[in-house]
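Student: Here is the input, now give the coordinates:
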Amino acid sequence: MKTLDPGLAAHLGGGVTTLCHCWRVARKDSTVLGFTDHDRDLLIDGVTYKAATGFTATAIEDQLGLAVSNLDVDGALSSAAITEDDLNAGLYDDAAVTIMRVNWQDVSQRVVLRSGFLGQVTRGETSFSAELRGLAAKLDQSAGRIFQRTCAWELGDARCRIDLGAPAHHGSGTIASVISNFDFTASGIGSFASGVFSRGKITWSSGDNAGLEIEVKSHSQGSPNSRLSLFLPMPRPMQVGDAFTITAGCDKTPATCRDRFANVVNFGGFPHMPGNDFALSFAKQGDNNDGTSLGGGFRG
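Tutor: Numbers count the residues shown, from 1 in each chain. Below is the predicted model:
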């Protein structure tokens, strides 16, 4: 149950109300945006909430227990603050969202209806739809140590201890030719063996995608240039001459940890962990490990 500000409670108890919805969006790059379905802009706590009549929201559905409560917010790509390129670049992924009910005549009278974060964002030719996930959705994500055969660490983090800035694991280059939205050849990284940058990361330092980062699907050496393939296309076209830095990748297997990084001592997986077949096995009568009879006993 929500506790209302006395002023807002008195306003709601009156015969006429002057209410509107406000959306506060805080992206991970520290950009904060505000929108309202009122017909003029509102200033709340230093954030200007732009009038955006193209925004519509589905009904808010609350679930019992820890079930995820979701809400969809639809809008037109009409605001200068929301661009197709930014949506493509993932700048709104996992952004924190707060929805408020506000008295537009006195913005100090307001109540938070829902807090959460953006989930899946889909877009069309002239509009977009953003899924707002409730705070309980975080409880559905894995937390703590995961026991698995492959390494659980992120390459280069404090538990892995690999220095991705070292010359053996870090390079820079420029695009020599663009093959497709996913593939291109590059100069400047020819001294690295094939596969070193597979599953690594590219950070663009020039061009239309400057500042963006994306994961590398595969890396192979050719003559005279190297070939790189991306898991996803860049939101803006890649062009010959675009510069980038690139870091090594890891498939999280013990062999790669040993041969490429000499870091088995910090390997975060359990390669000898029994699989599902072993965990679900049961004792059988008359069988031995080598196929001979046990003479009626049971194998434990």
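
Student: Please enumerate the helices of the chain.
Tutor: All helices of the chain, identified by DSSP state H, fall at 6-12, 84-88, 254-259, 276-279.

Student: Serialize those helices to a markdown table and add fields for mean neighbour count, distance to Gly190 and mean pLDDT.
Tutor: Any C-beta I mention is one placed from the backbone N, CA and C, and that applies to glycine too. Converted to a markdown table, these look like this (neighbours: other CB atoms under 10 Å; distance: least, CB to CB, whole Å; pLDDT from 0 to 100):
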| stretch | mean neighbour count | distance to Gly190 | mean pLDDT |
| --- | --- | --- | --- |
| helix 6-12 | 14 | 66 | 89 |
| helix 84-88 | 15 | 31 | 74 |
| helix 254-259 | 16 | 21 | 94 |
| helix 276-279 | 8 | 43 | 73 |
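
Student: among those helices, which is nearest Ile162?
Tutor: helix 254-259 (9.1 Å; CB to CB).

Student: Just the C-alpha atoms of that closest one, please, in CSV.
Tutor: This file holds the C-alpha atoms of helix 254-259, laid out as CSV (Å, rounded to 0.1, in the frame of the first residue of the first chain):
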residue,chain,number,x,y,z
PRO,A,254,40.9,-25.2,-19.7
ALA,A,255,42.9,-25.7,-22.9
THR,A,256,42.6,-22.1,-24.0
CYS,A,257,43.3,-20.9,-20.5
ARG,A,258,46.5,-23.0,-20.4
ASP,A,259,47.8,-22.5,-24.0
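
Student: Not counting that helix itself, show me its contacts.
Tutor: For helix 254-259, the surrounding residues in contact (CB atoms under 8 Å, 6 or more residues apart in numbering) are 151, 250, 263-264, 266-267, 269, 271.

Student: switch to 7 Å and redo it
Tutor: If you take CB atoms under 7 Å, 6 or more residues apart in numbering as the criterion, helix 254-259 is touched by 151, 250, 263-264, 267, 271.

Student: Can you tell me which of the helices of the chain is nearest to Arg101?
Tutor: helix 6-12 (8.2 Å).

Student: which stretches of the stretch 51-200 of the chain have low pLDDT?
Tutor: 52-81, 122-129, 135-137 (pLDDT under 70).

Student: try 50 this time
Tutor: 59, 68, 76-78 (pLDDT under 50).

Student: can I get the helices of the chain in TSV with distance to Thr98?
Tutor: Below are the helices of the chain laid out as TSV (distance: least, CB to CB, whole Å):
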stretch	distance to Thr98
helix 6-12	16
helix 84-88	19
helix 254-259	42
helix 276-279	43
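
Student: right, and the ones you listed - which one's nearest Arg227?
Tutor: That would be helix 254-259 among these, by CB to CB, at 20.2 Å.

Student: Give me the neighbour count for the spatially closest residue to Glu131 that is not a sequence neighbour.
Tutor: Nearest residue to Glu131, sequence neighbours excluded (CB to CB, 6 or more residues apart in numbering): Gly119, at 4.0 Å. By other CB atoms under 10 Å, 15 other residues sit near Gly119.

Student: Thanks a lot, catch you later.
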